[in-house]
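> Show me the folded form of this:
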Amino acid sequence: MKRILINATHEEELRVAMVDGQRLFDLDIDTPSREQKKGNIYKGKITRVEPSLEAVFVDYGSERQGFLPLKEIDKAYFRERSGDDNSGRINVQDVLSVGQELLIQIEKEERGNKGAALTTFISLAGRYLVLMPNSPRAGGISRRIEGDDRAELQEALRSLEVPDGMGMIVRTAGVGKQPEELQWDLEYLIQLWTAIDVAAKDRHAPFLVYQESNIIIRALRDYLRKDIGEILVDSPEVYQTGYDFMRMVMPHELSKFKLYQDKVPLFTRYQVESQIESAFRHEVRLPSGGALVIDPTEALISIDVNSARANKGGDIEETALNTNLEAAEEIARQLRLRDLGGLVVIDFIDMGPSRHQREVENRLREHLKADRARVQVGRISRFGLLEMSRQRLRPALGEAHQEICPRCAGLGHVRGVESLGLAVLRLLEEEASKDKVTQLVVQLPVAVATFMLNEKRAQLEIIERRQEVKLLLIPNPHMETPHYEIERVKDGADKPSRSHQLLTSPEAEVPASLKDKPVLEVPAVTGISPAAPAPVVEKVVEPVQDRKPNLLKRLLGVLTGQNTQNQDTTDSQPKQADSSDESASRPRRSRSRGSNRRGSRPRRNEADTGDNVSTPVSEKPESDSKKPVTPAPAKPDADEDGKGRANGRRSRRGGRRRRGGRSEGEDSAVKENNPVEKGNVMPAPAPEVDGNAIPAPAPEVDGNYVPAEQVSEVDGNTVKEAKPRRPRSNGSASGTNRRRRGSTSRSNEAASDTEVEKNPAAADNSSQQKEKNVASEESRQADASEK
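Next up is the predicted model:
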């Protein structure tokens with residue numbers, strides 16, 4: 001079961017985790033000291049117009065100014081141009097001016113040295129809708145909603161009362177909602193926009209007009225779906241805040257909201273803590289032994305897939321495929337947990353077959369469908385790289401909760417002791433050659449200073465004698481590689497008497513608990529709640545038989561041999577009649593094969609499944625089944641090159657016997673002597689005596705023995721036809737024939753004895769048949785001796 005876990009035991013950090021069982025699939029961490037500004041609405045003032053960028057910079061109260069491009073500015077803020085300058089191209093300096101006030105919304109957070117991205121097209125997110133008050137042409141239905149749900153929402157939108165000049169988008173949470181519920185959410189958003197518009201006119205810029213909801217309200221509004229079975233909160237204060245919101249906005253989901261009071265911590269109970277820690281690591285392990293190495297850079301995010309200890313595959317190709325498939329699933333999960341946005345390049349393990357590459361691509365796309373962000377996925381190139389882009393919904397987990405390493409400055413590696421010592425030695429030689437330098441004071445890490453004072457003492461003395469400069473090296477225990485300081489002392493400057501007095505120490509950092517907390521700005525619009533609770537509308541459930549499946553389901557039903565359309569309940573025909581009609585409408589060739597065909601799967605019976613399945617679209621109607629079926633024309637036995645297949649006949653069991661290759665003359669001779677081939681007559685059944693079948697004797701044609709495999713009629717009994725015997729060239733072949741004929745006769749005699757034992761009344765017929773067989777055998781031997 002999927003759950004939303006809200007941990008608020010520490011005031012410094014509030015965490016929201018979404019788990020499926022005990023597997024974490026989404027995470028959101030909110031730090032009060034680091035305020036998120038995305039979605040906030042400010043009243044700002046233009047401070048600079050940049051025609052080269054076709055944008056303006058806006059002061060909205062933050063340390064950095066925001067960036068507002070021309071395409072994100074509503075034309076209502078444009079000043080009127082002169083009549084001579086009404087060309088199609090708009091210059092930003094002609095329509096905007098410095099000091100002009102705008103109502104803007106944060107679209108992207110500040111990141112690195114970049115300021116926030118702004119827009120004047122406001123959007124207010126509700127539970128089911130997103131209102132765009134100054135975008136009349138925008139709006140519609142979320143792209144994630146498809147099929148019948150989209151058609152139902154389009155019908156519901158026609159009944160909503162939307163003010164002129166406004167647009168709206170239906171969110172995925174609006175699927176299955178009645179027009180009354182959508183109208184209630186729309187009225188609340190209109191009420192909120194009215195309050196924002198009024199408050200923006202009361203004061204001068206810059207100031208905060210409206211603040212996006214906190215993480216609790218945002219999680220309940222954006223993440224709560226039908227598949228969420230439970231919401232657990234471990235703080236009574238946060239529980240009360242969420243309870244009031246759900247009671248007003250979604251009272252029908254209130255039973256899922258619960259207060260967690262167990263002694264075991266909430267995240268420990270569901271084994272979430274260890275999974276959160278893995279989201280901060282540089283390397284992520286895969287179940288098969290492989291690993292992912294994730295490196296965020298300034299330009300893109302690189303993800304390298306390594307096989308590492310993966311050795312479960314049968315060969316190298318299978319190992320690469322299995323590792324890449326596991327990596328595709330984990331990459332989609334890590335992108336959501338870390339909220340990595342921008343350009344992402346994935347280096348998969350090299351795979352030979354292209355079908356393996358397509359399989360990995362499809363697996364990645366399948367697991368990215370659950371992502372709320374917009375994702376674009378490319379294809380694996382010939383270098384084994386896959387490019388994709390992901391929308392940045394909020395600051396990445398590393399950017400928000402990690403600091404740049406003060407020692408390596410974020411590079412991840414530092415210079416060695418000897419390398420740094422040689423670099424400092426070269427810099428000392430360069431600095432000593434400058435004019436009016438009498439002394440150089442160098443502060444170094446202890447290890448680097450030890451290396452230079454011992455291994456490089458001779459080089460230091462050479463520099464002092466050649467440049468006539470005094471070198472003073474000070475080991476500083478507070479300094480680590482790769483840091484160092486070089487200070488030049490010129491003529492006439494005061495020189496310190498003691499070298500240890502030159503030792504510098506870093507400033508002591510003030511603990512975070514003693515730092516002055518930033519003063520949070522109070523928005524002008526607060527406490528806007530819906531005028532009435534959300535309506536609880538009982539949805540009328542339509543009968544199942546009245547609903548028709550969509551086109552995709554019907555196509556799948558046709559391909560799999562099952563039709564997903566339900567029959568009308570008023571149909572009075574029994575299922576057995578439908579089944580017989582279906583069997584009658586099938587071609588004779590398909591009916592004759594049936595489920596008895598060797599190597600074929602038995603056909604499923606609709607009566608066994610219990611489903612009321614109607615006739616598929618691909619089958620013929622009942623009227624066509626009553627028409628006489630004409631046999632298909634016979635195909636030629638073989639092509640000129642002998643690669644064709646002979647036209648075999650079907651046996652009594654429904655199978656098909658393949659005939660071996662035979663010459664054209666032999667084939668025609670057999671057809672002339674065979675009444676079955678000649679007249680296209682089915683073989684007659686074996687004679688019966690008192691319900692028991694009498695086996696046919698071994699036939700003879702012109703004194704020659706004909707095997708039982710040849711289909712013909714001998715003495716009124718039906719036997720099978722075989723190919724004519726070819727003459728043997730040696731005695732061994734004739735001996736083999738004699739043994740074969742003897743074994744066939746003995747088998748026929750044994751079968752006859754068995755029939756006599758079962759049916760004594762047939763003893764006379766059996767004895768007569770034996771006498772005929774003996775006589776025919778004697779005559780055949782006599783003919784053979786004469787020849």
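> Skip the chain neighbours and tell me the closest residue to residue 505.
residue 478 (5.1 Å; Cβ to Cβ, 6 or more residues apart in numbering). Quick note: C-beta positions are derived from backbone N, CA and C, even for glycine.
> Surely the one you found touches residue 506?
Yes. Between residue 478 and residue 506 there is a contact under Cβ atoms under 8 Å: 5.4 Å.
> in the stretch 201-350 of the chain, which spans are strands?
207-210, 228-233, 257-259, 283-285, 291-296, 301-306, 342-347 (DSSP state E, counting those that start in this stretch).
> name the helices or strands packed onto the helix or strand following the last one?
For strand 342-347, the following helix or strand on the C-terminal side (DSSP states H and E) is helix 354-368. Helices and strands in packing contact with helix 354-368 are listed as helix 316-338, strand 375-377, strand 385-390; criterion 3 or more Cβ pairs under 8 Å, 6 or more residues apart in numbering; DSSP states H and E.
> Could you save those as JSON lines and add columns showing mean pLDDT and mean neighbour count?
Output for the helices and strands packed on helix 354-368, formatted as JSON lines (pLDDT from 0 to 100; neighbours: other Cβ atoms under 10 Å):
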{"stretch": "helix 316-338", "mean pLDDT": "93", "mean neighbour count": "21"}
{"stretch": "strand 375-377", "mean pLDDT": "95", "mean neighbour count": "15"}
{"stretch": "strand 385-390", "mean pLDDT": "96", "mean neighbour count": "18"}
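> For those, could you give me TSV that also reports distance to residue 284?
TSV is the format used below for those (distance: least, Cβ to Cβ, whole Å):
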stretch	distance to residue 284
helix 316-338	6
strand 375-377	19
strand 385-390	17
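> For residue 442, find the nearest of those.
Closest approach to residue 442 among these (Cβ to Cβ): helix 316-338, 42.2 Å.
> Can you check what angle separates that closest one from helix 354-368?
Interaxial angle, helix 316-338 versus helix 354-368 (axes from the mean of the first three to the mean of the last three Cα atoms, to 10 degrees): 20 degrees.
> Between strand 291-296 and helix 316-338, find me the angle.
Using the same axes, to 10 degrees: helix 316-338 against strand 291-296 is 40 degrees.
> how about helix 316-338 as PDB, C-alpha atoms only?
Only the C-alpha atoms of helix 316-338 are listed here, as PDB (Å, rounded to 0.1, in the frame of the first residue of the first chain):
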ATOM      1  CA  ILE A 316      28.800 -10.700 -21.100                       C
ATOM      2  CA  GLU A 317      25.800  -9.600 -23.300                       C
ATOM      3  CA  GLU A 318      23.300 -10.900 -20.800                       C
ATOM      4  CA  THR A 319      25.100  -9.300 -17.900                       C
ATOM      5  CA  ALA A 320      25.200  -6.000 -19.600                       C
ATOM      6  CA  LEU A 321      21.500  -6.100 -20.500                       C
ATOM      7  CA  ASN A 322      20.400  -7.100 -16.900                       C
ATOM      8  CA  THR A 323      22.600  -4.400 -15.400                       C
ATOM      9  CA  ASN A 324      21.300  -1.700 -17.700                       C
ATOM     10  CA  LEU A 325      17.700  -2.700 -17.000                       C
ATOM     11  CA  GLU A 326      18.200  -2.400 -13.300                       C
ATOM     12  CA  ALA A 327      20.000   0.900 -13.800                       C
ATOM     13  CA  ALA A 328      17.100   2.300 -15.900                       C
ATOM     14  CA  GLU A 329      14.700   1.600 -13.000                       C
ATOM     15  CA  GLU A 330      17.000   3.100 -10.400                       C
ATOM     16  CA  ILE A 331      17.900   6.200 -12.500                       C
ATOM     17  CA  ALA A 332      14.200   7.100 -12.700                       C
ATOM     18  CA  ARG A 333      13.800   6.700  -9.000                       C
ATOM     19  CA  GLN A 334      17.000   8.700  -8.100                       C
ATOM     20  CA  LEU A 335      16.000  11.600 -10.400                       C
ATOM     21  CA  ARG A 336      12.800  11.900  -8.400                       C
ATOM     22  CA  LEU A 337      14.400  11.600  -5.000                       C
ATOM     23  CA  ARG A 338      17.200  14.100  -5.700                       C
END
